[in-house]
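Novice: Provided below are the primary sequence and the corresponding predicted coordinates.
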Amino acid sequence: MQPQGSMKGLYHQLDHTLAEAVMEFAREPLEFEPGTKWLYSNMGIATLGRIIEVVTGQSYESFIENRVLGPLQMKDTFFYPPADKLQRIAIVYENKGGKLVPASPETLGGDPRLFRKGAKYPAPEFGLFSTAQDLSHFYQMMLDHGMWNGVRVISPAAVDTMIEVQTAGMQAGWHQGADYGLTWEIISKPLGTMTLLPLGSYGHGGAFGTHGWVIPKRNMVTVFLVGCAGEECNGTTEDAFQQIVGSSAAD
């Protein structure tokens with residue numbers, strides 16, 4: 001779901017603050033009555049980020065750095081990467097006539113070769129650069145019910161609440177046999193185990209084919225990172241990766 005109206009180009013230009021964007025998002029009409037259907041809401045996640053700013057008196061970026069990235073030692077994760085990290089960033093590609101070319105300036109986040117230079121918008125809904133190692137710290141924290149490396153990041157009750165099914169009776173998520181909790185897609189029905197993810201596994205995908213899963217039944221986390229824009233990022237490769245992992249794991 002892309003912003004419309006005065007914010008239509010926001011996801012490419014990143015030229016408004018989070019406060020400005022959410023003020024405009026609030027004027028968008030509802031797609032349906034809340035609680036009757038499920039739809040992934042980028043603007044909803046952005047609004048949650050703005051609520052964090054209002055409640056804490058910090059910028060969203062500062063809050064995430066202080067409360068999440070710092071405690072989890074995610075040293076290579078940034079909204080706006082510093083100059084000394086740019087050479088390490090794999091840019092996003094798209095398929096043009098059977099060839100991979102750098103994604104256009106109209107892709108999410110703008111021209112990937114500019115690394116969001118001059119951006120004002122942190123994009124809580126998609127805005128972090130990261131690495132597999134850093135992301136593994138975050139997913140391991142969730143697996144360990146809010147703890148990482150002896151540090152309490154969030155409460156066990158918060159983890160339980162996030163992975164409680166909220167969409168029973170609705171068509172939700174992208175995986176068959178799945179439901180949604182609070183930002184987490186949860187394998188909740190036997191059909192969802194066809195990619196060898198056990199019941200109770202939960203994860204979250206990214207716009208360019210990335211995905212991470214927490215698999216409590218196997219005491220395992222998986223992180224899958226690619227960088228492609230368009231229909232080629234439809235999850236097929238990620239599903240194959242998950243099946244390879246699942247076939248080699250012992251329950």
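Specialist: Arrived safely. Because the structure is predicted, anything quoted here is derived from the model rather than measured.
Novice: contacts, neighbours, all on C-alpha from now
Specialist: Fine.
Novice: list the buried ones in the helix or strand of the chain with the lowest mean pLDDT?
Specialist: Sorted by mean pLDDT, DSSP states H and E, the helices and strands of the chain end with helix 236-248, the least confident at a mean of 76. Buried residues in helix 236-248, counting neighbours by 16 or more other C-alpha atoms under 10 Å, are found at 238-239, 242-243, 246.
Novice: stretch 102-115 now?
Specialist: 102-104, 107-113, 115.
Novice: closest one of those to residue 34?
Specialist: Using C-alpha to C-alpha, residue 108 comes nearest to residue 34 of the buried residues of stretch 102-115, at 26.6 Å.
Novice: inside strands: which ones of the buried residues of stretch 102-115?
Specialist: If you go by DSSP state E, the buried residues of stretch 102-115 have residue 102 in strands.
Novice: make a markdown table out of the buried residues of helix 236-248 and add distance to residue 130.
Specialist: A markdown table is the format used below for the buried residues of helix 236-248 (distance: C-alpha to C-alpha, whole Å):
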| residue | distance to residue 130 |
| --- | --- |
| 238 | 18 |
| 239 | 21 |
| 242 | 20 |
| 243 | 24 |
| 246 | 24 |
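Novice: helices of this structure, residue ranges please.
Specialist: Counting by DSSP state H, the chain has helices at residues 10-13, 18-25, 42-56, 60-64, 132-143, 156-162, 236-248.
Novice: now the fifth one, how far from the chain's geometric center?
Specialist: The reference is to helix 132-143. Offset of helix 132-143 from its chain centre (C-alpha atoms, centre = their mean, to the nearest Å): 13 Å.
Novice: between the two ends of stretch 160-172, what distance do you get?
Specialist: Distance across stretch 160-172, first residue to last, is 19 Å (C-alpha to C-alpha, to the nearest Å).
Novice: same check on stretch 177-187?
Specialist: Its first and final residues considered, stretch 177-187 spans 6 Å by C-alpha to C-alpha.
Novice: which residues sit against that stretch?
Specialist: Stretch 177-187 is contacted by residues 161-168, 170-173, 175, 188-193, 197-204 when judged by C-alpha atoms under 8 Å, 6 or more residues apart in numbering.
Novice: using PyMOL, define a selection of the buried residues within the residues you listed.
Specialist: To isolate the buried members of the contacts of stretch 177-187 in PyMOL, using 16+ other C-alpha under 10 Å:
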select buried, resi 162+163+164+165+166+167+172+173+175+188+192+193+197+198+199+200+201+202+203
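Novice: out of the contacts of stretch 177-187, which sit inside strands?
Specialist: Within the contacts of stretch 177-187, membership in strands is found for 202-204, as judged by DSSP E.
Novice: my read: residue 93 touches residue 228, true?
Specialist: Yes: with contact defined as C-alpha atoms under 8 Å, residue 93 counts as touching residue 228 (4.8 Å).
Novice: give the residues shared as contacts by the two.
Specialist: Shared contacts of residue 93 and residue 228 (C-alpha under 8 Å, 6+ apart): residue 103.
Novice: chain neighbours aside, what residue packs nearest to residue 4?
Specialist: Counting by C-alpha to C-alpha, 6 or more residues apart in numbering, residue 28 is the residue found nearest to residue 4 once chain neighbours are left out, at 7.8 Å.
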